[in-house]
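Asker: sequence and predicted structure, then a few things I'm wondering about:
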There are 2 protein chains.
Amino acid sequence: MYMKKIMTIIAAVAVACCSLSAQEALGRRINTTSPEINPDGTVTFRLLAPKAITVAVSGDCLPEGNAQMKENKDGVWEYTTDVLDPELYKYHFVVNGTDMLDPSNIFVCRDVTSIFNIFIVSREQGDRGWLYQANDVPHGNMSKVWYYSPTLKMNKRMTVYTPAGYVGGKERYPVLYLLHGAGGDEDAWPTLGRAAQILDNVIADGSAKPMIVVMTNGYPNTPAAPGEFNAGVNVSTVGGRVRGQAAATMDESFPDVVNYIDKNYRTIPKKSARAICGLSMGGGHTFQISKRWPDTFDYMGLFSAAAFVNKVSYVDGRRVVSDEIDPEIEGQLATLFAKKPKLYWIGIGKTDFLYEGNEKMRNYFDSKGYPYEYVETSGGHIWANWRIYLTIFARKIFK
Amino acid sequence: MYMKKIMTIIAAVAVACCSLSAQEALGRRINTTSPEINPDGTVTFRLLAPKAITVAVSGDCLPEGNAQMKENKDGVWEYTTDVLDPELYKYHFVVNGTDMLDPSNIFVCRDVTSIFNIFIVSREQGDRGWLYQANDVPHGNMSKVWYYSPTLKMNKRMTVYTPAGYVGGKERYPVLYLLHGAGGDEDAWPTLGRAAQILDNVIADGSAKPMIVVMTNGYPNTPAAPGEFNAGVNVSTVGGRVRGQAAATMDESFPDVVNYIDKNYRTIPKKSARAICGLSMGGGHTFQISKRWPDTFDYMGLFSAAAFVNKVSYVDGRRVVSDEIDPEIEGQLATLFAKKPKLYWIGIGKTDFLYEGNEKMRNYFDSKGYPYEYVETSGGHIWANWRIYLTIFARKIFK
């Protein structure tokens, strides 16, 4: 067995040395097991790097954000964490000061322009890790869908989740519009956001209604995620977006998306069967879209939202937020809440840099008697919070 | 401008040091431009690694398969290639002997258990790079679809491409079944195989008919790609497949896929509008499936196929290929060719390790007078060849 493994490694190395190696490279990077989730709930990272001077692991599973690894006699650097709570974690290695991914872990996620390794810790059904992983439950389908936006005068790409049972069925479904943050795109919620896994799991355990979920690209001048449109795969589109003016704003153009979905999917095409939510910039979009179109959505979710009720002006190109409430926003919000939406949900982390803006918004809502539900979590402007908010919000809507 | 960049880098580093950094990490890995496609057709790789002893780049764009990089005064290691032909290339860095990805390039592809960076060189419309990149042409949709296979008694995941115009249209389309190789899964053709881009481009330039393309998971005991089913994202499923016996073989169960597609998509449900092709193991599956179900497909494509006409037996668990033709295969092939399929297409590289097996198959076909088309390319058992074969095959079918 041991000899066979050695031979496999030798063969793999030999193949990796050939130019144009493809599937033959099987095993090239498999020199250590990493990360290893230990029975006691700790996790061990390993990297074979015999010539390295320093190796650290950096990630959200570490109390300090990073930790030095130690080299063992075989040139493998190791580090074992404390016992970890159930969660999806991301990490990378730092070798002699240079960031690198764990070559033993094929699970990677891109977040805007950074790529991380990920792993999931789950101990029992229903815990956070369980909610974010693929379990033995019915799975919905995820599609990358191109549509034309007449308002934006361009073709755009979105991700659409249809729940298990949709294909081949006759039932009509409510729709959740799920928006990404600044720098993100239509691939953000499906990857680090774990949208498909969360929806599969909360539908399977009976805590949420089956629903269609629509994940748009939130830049009105950008067709799609990097590499998926004619900017090519060679352009470093930092933040994923194209420069230049759009034909309209995201909130002005959003009915194009709703119309497309209602036309081409078995939806329940009415306000009581539509929800919209988003993180950060997407929370701001949720704020703007829902008040501009007060008859379209009955459920709003603002996750760490870049949402402001104050008047904003631009002085020498700089954004200045005044203490005055914007009269247009005031009027739109009055109309929205006069129509008594079923849920206006706000979630934010205690250390989020948008906390103060959210507080001003909530104070304004309180002063007007606009009803909303509010959840405050620990931590800041992070995916760990946005996954929690999606889980909470998905369980509250369409009921 | 320069100062602003420095500030951005400092801010990014500060953020990366916090635990649980998420979108704020924007720019953390953007310290150099790499790869840079130069106006003269060469490509420059760069890596900031001031403490490294040796840095090499390894990839299929290098005549020897790898090259040593040189450190400049800023601690950035650099290497510039020769002028490169239009193509999709993959590469990674080797720092002090340890493999790592290029932290400046967000474009990565998994092939079985290895992850590479990719980039594309294209000079003009119609060249190989153009065929593999997203251009300003109508785009089809790519969906991850779960279906139940009654023969395999399990839920399985596949990727389905529907051409531009499918959604909202009334037209019926022919279907290409496109199969991956050993160790691969339903994500192989959509990533390194560039199936969506190739199909978009050959349909847009009028050289291929609009068609649906179905990319299955070729392991009859495996539901889906790693991380997409309940083995979790922590299991190193080497080769992506589950161990253990399946309820049936891939070729026995394949009608389940065809039935599902014909039931749930606007197909032309007849032999003349169905093609099947695959690479390596998927070429073997194409060979087996097409002869077992001689009334189902009119177009067959064997790409570097693991296809054998000889009798195979197992002695002490070892596979022994005899010189004798397998009588069951002989009979099935006779039936298949008696029904005069429209195309039996075989492609292989001159240095492919399956070349001899393919030669035996072709010799047998010649001896029987079975018509086929044959293309021999340079190179071996590589994705570069499989993308070429898909491009050729897609342009020949349904005409």
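Answerer: Thanks, I have it.

Asker: what is the mean pLDDT for the helix or strand hosting A:Asn117?
Answerer: Counting by DSSP states H and E, the element that carries A:Asn117 is strand A:114-121. Along strand A:114-121, the predicted confidence averages to a pLDDT of 93.

Asker: what about the closest residue to chain B within the stretch 201-350 of chain A, which SS state?
Answerer: Among all residues of the stretch 201-350 of chain A, A:Asn230 sits closest to chain B, at 4.1 Å; criterion: CB to the nearest CB. Using the backbone N, CA and C atoms, a C-beta is placed for each residue, glycine as well. Classification of A:Asn230 using DSSP: H, G, I helix; E, B strand; the rest coil returns coil.

Asker: I'd guessed it sits against B:His139; true?
Answerer: No - counting by CB atoms under 8 Å, A:Asn230 stays clear of B:His139, with 9.9 Å between them.

Asker: who's more crowded, those two?
Answerer: B:His139 (27 against 13; other CB atoms under 10 Å in any protein chain shown).

Asker: for B:Gln197, see how far away the more buried one is.
Answerer: Here B:His139 is placed at a distance of 9 Å from B:Gln197 (CB to CB, to the nearest Å).

Asker: please enumerate the strands of the stretch 201-350 of chain A.
Answerer: Using DSSP state E, counting those that start in this stretch, the strands found in the stretch 201-350 of chain A span residues A:212-215, A:274-279, A:299-303, A:310-315, A:318-325, A:343-349.

Asker: how many neighbours does A:Val202 have?
Answerer: Neighbours of A:Val202 under the rule other CB under 10 Å: 20.

Asker: roughly how far apart are it and A:Ser272?
Answerer: To A:Ser272, A:Val202 is 20 Å away according to CB to CB.

Asker: what ranges do the helices span in chain A?
Answerer: A:2-17, A:128-132, A:195-204, A:250-264, A:281-292, A:327-338, A:355-368, A:383-396 (DSSP state H).

Asker: is any part of the fourth one close to chain B?
Answerer: Yes - residues of helix A:250-264 contacting chain B under CB under 8 Å from any CB of the partner chain: A:Lys263, A:Asn264.

Asker: rewinding a little: tell me which of the helices of chain A is the most buried.
Answerer: Burial of those is given as mean neighbour count (mean count of other CB atoms under 10 Å in any protein chain shown); helix A:281-292 ranks first at a mean of 25.

Asker: kindly export that helix (C-alpha atoms) in CSV.
Answerer: Provided in CSV are the C-alpha atoms of helix A:281-292 (Å, rounded to 0.1, in the frame of the first residue of the first chain):
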residue,chain,number,x,y,z
MET,A,281,-24.3,47.6,-2.0
GLY,A,282,-27.1,45.1,-2.6
GLY,A,283,-28.7,46.1,0.6
GLY,A,284,-28.6,49.7,-0.7
HIS,A,285,-30.1,48.4,-4.0
THR,A,286,-32.8,46.6,-2.0
PHE,A,287,-33.6,49.9,-0.2
GLN,A,288,-33.7,51.9,-3.4
ILE,A,289,-35.6,49.3,-5.6
SER,A,290,-38.2,48.6,-3.0
LYS,A,291,-39.2,52.2,-2.4
ARG,A,292,-39.1,53.1,-6.1
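
Asker: for the record, mean pLDDT for it?
Answerer: Helix A:281-292 carries an average pLDDT of 98.

Asker: low-confidence stretches in the stretch 201-350 of chain A?
Answerer: For the stretch 201-350 of chain A, the stretches with pLDDT under 70 are A:232-244.

Asker: once you drop chain neighbours, what's closest to A:Lys51?
Answerer: B:Asn96 (3.8 Å; CB to CB, 6 or more residues apart in numbering or on different chains).

Asker: for that neighbour, give its distance to A:Asn385.
Answerer: The value you get for B:Asn96 to A:Asn385, if CB to CB is used, is 38 Å.

Asker: just A:Ser367 next, same as before
Answerer: 27 Å.

Asker: quick check, stretch A:384-395 touching chain B?
Answerer: Yes - interface with chain B: stretch A:384-395 contributes A:Ala384 (CB under 8 Å from any CB).

Asker: could you export that stretch as CSV, CA atoms only?
Answerer: What follows is stretch A:384-395, C-alpha atoms only, in CSV (Å, rounded to 0.1, in the frame of the first residue of the first chain):
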residue,chain,number,x,y,z
ALA,A,384,-20.3,34.8,7.7
ASN,A,385,-23.0,37.4,8.7
TRP,A,386,-24.6,37.5,5.2
ARG,A,387,-25.1,33.7,5.2
ILE,A,388,-26.7,33.9,8.6
TYR,A,389,-29.0,36.7,7.4
LEU,A,390,-30.0,34.8,4.2
THR,A,391,-30.9,31.8,6.4
ILE,A,392,-33.0,33.9,8.7
PHE,A,393,-34.7,35.9,5.9
ALA,A,394,-35.4,32.9,3.7
ARG,A,395,-37.3,31.3,6.7
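
Asker: what comes into contact with it?
Answerer: Around stretch A:384-395, the neighbours that count as contacts under CB atoms under 8 Å, 6 or more residues apart in numbering or on different chains are A:60, A:87-88, A:128, A:131-132, A:176, A:178, A:189, A:193-195, A:198-199, A:202, A:207-208, A:211, A:275, A:277, A:279, A:299, A:301, A:303-304, A:345, A:347-349, A:352, A:375, A:377, A:379, B:20, B:22.

Asker: look up how far B:Glu71 lies from the closest residue to A:Ala208 other than its chain neighbours.
Answerer: Among residues not flanking A:Ala208 along the chain, A:Val202 sits closest, at 3.9 Å (CB to CB, 6+ apart). Applying CB to CB, the value for A:Val202 to B:Glu71 is 52 Å.

Asker: ok, now A:Ser322?
Answerer: 52 Å.

Asker: go on, A:Leu199?
Answerer: Here A:Leu199 is placed at a distance of 49 Å from B:Glu71 (CB to CB).

Asker: list the contacts of the residue nearest to A:Tyr364 when sequence neighbours are not counted.
Answerer: In space, and not counting its chain neighbours, A:Tyr364 is closest to A:Val309: 4.7 Å by CB to CB, 6+ apart. Counting by CB under 8 Å, 6+ apart, A:Val309 makes contact with A:Ile325, A:Asp326, A:Ile329, A:Glu330, A:Leu333, A:Lys360, A:Met361, A:Tyr364.

Asker: what's the answer for A:Asp40, then?
Answerer: So A:Asp40 contacts A:Val83 (CB under 8 Å, 6+ apart).

Asker: give me the phi and psi angles of it.
Answerer: phi -80, psi 0 (degrees, to the nearest 10).

Asker: tell me how far it lies from chain B.
Answerer: Using CB to the nearest CB, to the nearest Å, A:Asp40 is found at 15 Å from chain B.

Asker: swap in A:Arg362?
Answerer: Relative to chain B, and taking CB to the nearest CB, A:Arg362 is found at 23 Å.

Asker: next up, the contacts around A:Tyr173.
Answerer: Counting by CB under 8 Å, 6+ apart, A:Tyr173 has contacts A:Thr162, A:Pro163, A:Tyr166, A:Pro210, A:Met211, A:Ile212, A:Tyr265, A:Arg266, A:Thr267, A:Ile268, A:Ala273.

Asker: what pLDDT does the nearest residue to the first one once chain neighbours are set aside get?
Answerer: Spelled out, that is A:Thr162. Spatially, and ignoring its direct neighbours in sequence, A:Thr162 is nearest to A:Asn141 (5.1 Å; CB to CB, 6+ apart). A:Asn141 is assigned 98 on the pLDDT scale.
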